[in-house]
Structures are given as structure tokens and as C-alpha cells.
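Enquirer: After the sequence you'll find the predicted model.
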Amino acid sequence: MSVSLPASRANTTSRRCSRRTFLGFSAASIGTASARLAAREDSNEPPNILLCISDDQSWLNTSAMGDPTVRTPAFDRVAEEGVLFTNAYCDAPTCGPSRSAILTGQPIWRLEEAGNIHSTLPSKFPTYTELLERAGYRIGHTSKGWGPGRLEPGGRTRNPAGDKFESFEAFHVDQPAGRPFCFWLGSSDPHRPYELGSGAESGKDPSAALVPPHLPNNGVVRNDILDYCLEIERFDSRVGTALALLEQSGQLRNTIVVVTSDHGMPFPRAKATLYDYGTRVPLAVRWPKAVTGGRTVNDFVSLSDLAPTFLEAAGQPEPAAVTARSLLAVVTSGKSGRVDTSRDAAYIAMERHDGCRRDGKGYPCRAIRTATHLYIRNFEPARWPSGSPDPKDCARNIPYGEVAPSPTKTFMMENRDDPSVDRLAELAFGTRPAHELFDLQEDPGQLRNIAADAGAADTLHELDDRLMAHLAATKDPRALGEPAMWDHYPYYGRKVNSDWSVAPKP
Ligand SMILES: [Ca+2]
């Protein structure tokens with residue numbers, strides 16, 4: 001065995017990484033003979049895994065999905081030669097929690113402190129990366145891995161995405177033949193800030209920008225979107241470089257390449273909300289050795305499904321705590337459209353995003369997204385969903401601290417009295433009721449909450465029952481009536497505002 005484990009960690013994972021389940025390769029077995037063996041494609045050879053994950057990109061903003069202002073040839077190639085998922089959702093629309101769900105295969109309500117941003121990922125929650133490493137994989141990451149947050153309070157000494165490298169190329173240059181790898185190709189694109197006007201200066205046409213229906217359709221917003229699109233292209237070019245490298249080394253055929261994002265775009269009523277522009281993400285999966293390409297699949301999938309997918313593809317059992325579902329049967333089915341009819345909904349959650357409410361309070365909410373409806377349950381509707389309007393409560397003294405500072409946000413705040421802006425600003429910054437229900441056939445932009453409509457009562461009750469049953473079955477303290485600690489966990493982000501603090505645990 002190439003890796004020896006401290007007893008405490010070995011105990012928590014012995015069920016799934018015994019010698020019996022070891023893949024059969026290790027540092028000791030990697031020699032000239034095994035390298036020659038690996039050079040011939042062995043049908044039992046475990047796949048390499050390359051997860052390419054951008055930072056804050058909504059599902060529509062790829063050329064494969066029809067956005068005319070962005071060019072994403074790498075994403076498009078993975079989609080065309082693999083499977084394009086049109087109904088993929090993050091587990092939480094906030095960086096750290098979403099990444100914790102991806103790594104563990106569990107929703108954030110099962111991950112204690114990791115349900116908050118600028119927190120930690122306790123080491124008792126096993127990650128697919130570490131499980132694969134113990135099975136013999138070489139793991140690494142570049143740029144943004146798990147985070148933001150602090151690892152030490154969770155009992156970790158390195159990023160759970162793997163050792164850090166300058167680039168995928170820097171990792172790959174030392175990759176031994178005959179040993180599989182698992183790499184996390186992270187990025188801080190298209191996270192804010194942007195270079196103002198860079199999108200238009202690159203030649204993009206502001207009039208072609210895809211303006212979501214919940215944002216004002218004007219030059220400020222259009223140019224902000226083009227700046228965002230330019231950063232998506234920078235991420236995509238890095239994916240393209242990795243694909244080319246694997247093609248040159250002859251490894252592309254048996255590498256599972258996934259391209260996605262941790263959650264949606266950093267604009268008002270998008271990131272850090274449970275509406276589609278915050279939660280619906282690009283997702284394409286390519287693995288020619290086992291996956292027939294040229295397919296579009298509409299099943300509802302969550303990014304936490306990736307962890308059990310990778311483990312199953314590598315022939316590894318998943319930890320008992322994993323509640324997400326492997327996508328391997330779907331991606332290897334050869335089918336398009338709705339493949340697994342039981343995948344008819346996605347569940348999404350948020351607790352504390354940024355530090356912008358007194359006493360460290362978050363905005364706890366959960367949602368179920370089906371093909372026809374989005375239903376949101378807000379557990380603390382008296383709180384401000386986008387952060388307090390009082391600058392003294394917010395980092396950098398900018399009101400509504402859960403909405404990233406941007407030209408779009410500034411415009412909407414400064415023009416709130418304008419009749420063309422006021423309703424959209426209220427949707428972005430105002431309070432929200434305990435129940436929100438949107439009919440996606442009538443209202444795909446999710447602008448009109450019909451939860452109080454008499455005609456929607458049956459649908460609301462049905463979706464509320466389904467959401468709460470799912471949360472209870474997966475042991476969400478919010479659904480079980482148990483103490484929810486997210487308001488009280490430490491916050492390790494930068495506290496620019498000295499007035500801001502977290503109330504201690506009761
Ligand atoms: Ca992010």
C-alpha cells in the first residue's frame with residue numbers, strides 16, 4: 001500500500017478502502033514493465049479523472065448552450081463528444097459549501113460547518129479525492145480548490161482537492177505511467193472583480209448580451225455581462241490546454257473529463273440565491289472509452305452526484321454517508337433526453353453566505369426544482385435575503401452584502417426609484433416570504449411568486465411535502481426540528497467591519 005493512514009482516519013474509512021478494494025497499482029508497482037503494460041489499453045485500467053470547475057458561471061453562458069457572446073470551444077468539445085446535461089444544479093449557490101458538497105457527495109445540511117462559506121470542511125467527512133488517493137490515484141489541484149475557508153480548524157493540513165500545482169501541465173509533467181490521476185482544474189474565473197469594459201474592448205457586441213429577465217436591460221448591465229463572459233473564455237482556454245495535453249499523451253480516451261461551475265453568475269438575484277441563475281450550472285462529461293458522445297440529457301442532477309460517479313468509475317465503493325447518486329449509469333447508457341425518470345428534481349440549500357447580518361446570521365433556505373416548478377422554503381423570512389441594508393452590518397460597508405459589488409448592483413441601488421428598475425431592485429434586495437413558488441411554464445424567469453395564489457395551493461403543498469420529506473430522510477436539522485448551528489459556527493473570512501461578529505453557540 002502506498003499510503004499509510006493515521007488510525008483515526010483509517011477507522012472512519014476502513015469499510016471502503018481495504019486492501020481488497022485497492023485498485024492494484026501503487027508506487028512500488030510502477031516500473032518499466034507496468035508502464036509498458038499500461039501503454040496497452042487494458043479494459044480494466046481505471047480512468048483518469050479531470051474535473052474542470054469554473055467559479056460563478058450560469059448554465060446558459062457557453063456557446064454549446066447558445067450564448068452568442070461567449071466562445072467556449074473546450075466546453076463545446078466535451079459536450080459534443082460526450083454528454084451535455086441541461087438540468088444540472090449546484091447543491092448550494094455559494095463557493096465553499098458547493099465545493100464541499102462536490103467533494104463529499106453530500107448536501108450541505110449534512111456537512112455541519114461546511115454548510116457555511118469562509119468556514120472549514122471537517123476531516124470526518126471523506127472526500128472522493130482522498131478516497132481515490134488511498135486507492136492508488138495521484139491527486140492534485142490548481143487555482144481554486146476547496147475554499148474559501150480555513151482547513152486547520154477542520155483537522156486538515158492540505159486542500160481536500162489535492163496537492164496544489166501551478167497548472168495542470170505542472171502536475172501532468174511528473175505523472176508516472178501506469179498510475180491513474182485525479183485532478184481538480186480550478187479557476188477563479190468568472191468570479192468578480194472584472195476589468196471594466198474588457199468584454200466590449202475584446203470585440204464583443206453589447207447588444208447581443210444575454211440579459212436575464214430579472215436584471216435591467218441597459219448598457220451598464222450588458223457591458224457587465226460581457227466582462228463576465230470574457231472571464232469564462234479564459235477558463236475555457238485552460239480547459240482546452242488540458243485537453244490538448246491529454247490528447248498528445250494518449251490519455252484522453254480513458255480520462256473522465258467533467259466541465260462545470262460551482263454555482264451561477266455573480267449578479268443580483270443570481271449567486272447566493274436559490275433561483276436558476278444562482279443554482280443552474282453548465283455540465284458536460286466526456287469519457288470516450290465508456291461513454292457514447294453526441295448526447296444531451298435532461299435528467300435532474302446535482303453536482304454532489306459527481307463524487308459517487310467518480311468512485312464508481314474507479315471501482316471504489318462509496319462511503320455509507322454519501323446520499324448523492326452516481327451518474328455512471330446515465331452517462332454510459334448511450335441514451336439522450338430523460339434517461340432515468342427517477343431523476344426528476346434537484347434539491348438546493350443555503351445557510352450563511354457572507355458576513356453581512358448581525359450576530360453572524362445567515363439566510364437559511366431550501367428548494368426543490370422540478371421540470372415545471374421551483375419551490376423555495378425560507379426558514380427566516382424576517383431576515384434580509386441579500387444582506388442587511390444597513391452599511392454598518394456589511395463587509396466594506398456596502399449594503400446587501402450577499403450580492404457581490406458590481407456595476408449592475410450599483411446601478412440598481414442608485415436607480416431604485418426609477419419605475420423601470422424598482423420592481424427588479426425589490427426582487428433583488430427586498431425581503432421574501434416563507435414560501436416562494438414559481439410556475440416555470442408561465443414564468444421561466446421566476447419573477448412572480450404564486451405561493452399565495454389559491455389555484456396553486458395543491459402544487460405548493462405537494463412540493464412542500466416532497467421537499468421536507470427529502471430533507472428529513474437525509475437528516476437536515478432544519479426539517480427535523482433539531483438545533484441548527486449554522487448561525488453560530490465561526491466565520492474565517494476577512495472581517496472588514498469591526499462591528500460584525502458571530503454569536504457564540506447557545
Ligand atoms: Ca463560486
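Expert: Perfect, I can see it now.

Enquirer: so which strand or helix has the closest residue to residue 118 other than its chain neighbours?
Expert: Closest residue to residue 118 in three dimensions, ignoring its sequence neighbours and counting by CB to CB, 6 or more residues apart in numbering: residue 493, at 3.4 Å. Bear in mind the C-beta positions are built from the backbone N, C-alpha and C, glycine included. Assigned by DSSP states H and E, residue 493 falls within no helix or strand.

Enquirer: Equivalent analysis for residue 462, please.
Expert: helix 457-473.

Enquirer: Tell me the buried residues in that helix?
Expert: 459, 460, 463, 464, 467, 468, 470, 471 (16 or more other CB atoms under 10 Å).

Enquirer: same deal with stretch 328-343?
Expert: 328, 330, 331, 333, 339, 340, 343.

Enquirer: re the thing from before, got a list of contacts for whatever helix or strand comes next after the helix holding residue 462?
Expert: Heading C-terminal from helix 457-473, the first helix or strand you meet, by DSSP H and E, is helix 477-480. Helix 477-480 is contacted by residues 109, 364, 366, 379, 468, 471, 472, 483, 484, 485 when judged by CB atoms under 8 Å, 6 or more residues apart in numbering.

Enquirer: try it again with 10 Å
Expert: 109-110, 112, 115, 349, 351, 364-366, 377, 379, 467-473, 483-486 (CB atoms under 10 Å, 6 or more residues apart in numbering).

Enquirer: Can you name the residues that contact residue 336?
Expert: 83, 84, 292, 294, 295, 296, 297, 298.

Enquirer: and the two most separated of the buried residues of stretch 328-343?
Expert: For the buried residues of stretch 328-343, the farthest-apart pair by CB to CB is 328 and 343; their separation is 13.0 Å.

Enquirer: anything in contact with each of these two?
Expert: residue 305.

Enquirer: State the distance from residue 107 to residue 67.
Expert: With distances taken as CB to CB, to the nearest Å, residue 107 is found 29 Å from residue 67.

Enquirer: Neighbour count for these two, which is higher?
Expert: residue 107 (26 against 20; other CB atoms under 10 Å).

Enquirer: my guess is the more buried one contacts residue 474, does it?
Expert: Yes. Counting by CB atoms under 10 Å, residue 474 is a contact partner of residue 107 at 6.3 Å.

Enquirer: Indicate the residue of the stretch 1-150 of the chain located nearest to the ion.
Expert: Of all residues in the stretch 1-150 of the chain, residue 95 sits closest to the ion, at 3.6 Å by CB to the ion.

Enquirer: Surely that residue is in contact with residue 118?
Expert: Yes. With contact defined as CB under 10 Å, residue 95 counts as touching residue 118 (9.1 Å).

Enquirer: Next, show the common contact partners of the two.
Expert: 147, 148, 149, 353.

Enquirer: restrict those to those near the ion?
Expert: Near the ion, judged by CB under 5 Å from the ion, there are no entries from these.

Enquirer: Which ones among those residues map onto helices?
Expert: With helices taken from DSSP state H, there is no overlap with the shared contacts of residue 95 and residue 118.

Enquirer: Would you mind listing which of those are buried?
Expert: 147, 149, 353.

Enquirer: what's the weakest-modelled helix or strand in the protein?
Expert: When each helix and strand of the chain is scored by mean pLDDT, DSSP states H and E, helix 7-13 comes last, with a mean of 34.

Enquirer: So what's the residue count around the residue in the stretch 101-250 of the chain that the ion sits nearest to?
Expert: Of all residues in the stretch 101-250 of the chain, residue 191 sits closest to the ion, at 5.8 Å by CB to the ion. Applying other CB under 10 Å, we find 19 residues neighbouring residue 191.

Enquirer: you'd agree it is up against residue 266?
Expert: Yes. Counting by CB under 10 Å, residue 191 does reach residue 266; the two are 6.6 Å apart.

Enquirer: how about the residues of the stretch 401-506 of the chain near the ion?
Expert: Residues of the stretch 401-506 of the chain lying near the ion (CB under 5 Å from the ion): none found.

Enquirer: Quick one: the helices in the stretch 401-506 of the chain, in order.
Expert: Under the criterion DSSP state H, counting those that start in this stretch, the stretch 401-506 of the chain contains helices at 407-414, 422-429, 457-473, 477-480.

Enquirer: Go ahead and name everything in contact with the longest one.
Expert: Surrounding helix 457-473, the residues in contact under the criterion CB under 10 Å, 6+ apart are 107, 109, 323, 345, 347, 349, 366-370, 372-377, 435-437, 439, 450-453, 456, 476-481.

Enquirer: One more: stretch 383-394?
Expert: Under CB under 10 Å, 6+ apart, the answer for stretch 383-394 is 268-269, 272-274, 350, 353-359, 361-365, 378, 395, 397-403, 409, 413, 427-432, 496-500.

Enquirer: In it, which residues are buried?
Expert: By 16+ other CB under 10 Å, the buried positions in stretch 383-394 come out as 383, 384, 385, 386, 387, 388, 393, 394.

Enquirer: quick one: the closest residue to the ion within the stretch 351-500 of the chain and residue 386, what's the gap?
Expert: Closest to the ion within the stretch 351-500 of the chain is residue 404: 9.8 Å, counting by CB to the ion. The spacing between residue 404 and residue 386, counted by CB to CB, is 10 Å.

Enquirer: any shared contact partners between the two?
Expert: With CB under 10 Å, 6+ apart, residue 404 and residue 386 have common neighbours 268, 272.

Enquirer: Wait, residue 378 touches residue 365, no?
Expert: Yes. Contact criterion CB under 10 Å: residue 378 and residue 365 qualify, at 4.8 Å.

Enquirer: How about the contacts made by the residue nearest to residue 65 when sequence neighbours are not counted?
Expert: Among residues not flanking residue 65 along the chain, residue 59 sits closest, at 6.4 Å (CB to CB, 6+ apart). Listed by CB under 10 Å, 6+ apart, the contact partners of residue 59 are 65, 67, 85-89, 260-261, 264-265, 276-277, 279-283.

Enquirer: Kindly report the residues of the chain close to the ion.
Expert: 55, 56, 95, 262.

Enquirer: need the contact list for the last one.
Expert: Residue 262 makes contact with 53-57, 90-99, 101-102, 144, 186-187, 191, 271, 281, 303 under the criterion CB under 10 Å, 6+ apart.

Enquirer: From the residues you listed, which land in helices?
Expert: 95, 96, 97, 98, 99, 101, 102.

Enquirer: and residue 251, what is it in contact with?
Expert: 47, 48, 50, 172, 175, 177, 180, 181, 245.

Enquirer: State the pLDDT value of it.
Expert: Note on residue 251: pLDDT of 97.

Enquirer: and what of residue 331?
Expert: Taking residue 331 on its own, its pLDDT is 98.

Enquirer: Hmm, residue 364 is touching residue 376, no?
Expert: No. Assessed by CB under 10 Å, residue 364 is found out of contact with residue 376, at 11.3 Å.

Enquirer: which non-adjacent residue is nearest residue 105?
Expert: According to CB to CB, 6+ apart, the nearest residue to residue 105 is residue 307 (3.2 Å).

Enquirer: how near is that neighbour to residue 313?
Expert: 11 Å.

Enquirer: Show me which of the two is the more surrounded one.
Expert: Remark: of residue 307 and residue 313, residue 307 carries more neighbours, 26 against 21, as counted by other CB under 10 Å.

Enquirer: residues near the closest residue to residue 500 other than its chain neighbours, how many?
Expert: Leaving aside its chain neighbours, residue 500 sits nearest to residue 355 (5.4 Å; criterion: CB to CB, 6+ apart). Counted with other CB under 10 Å, the neighbours of residue 355 add up to 27.
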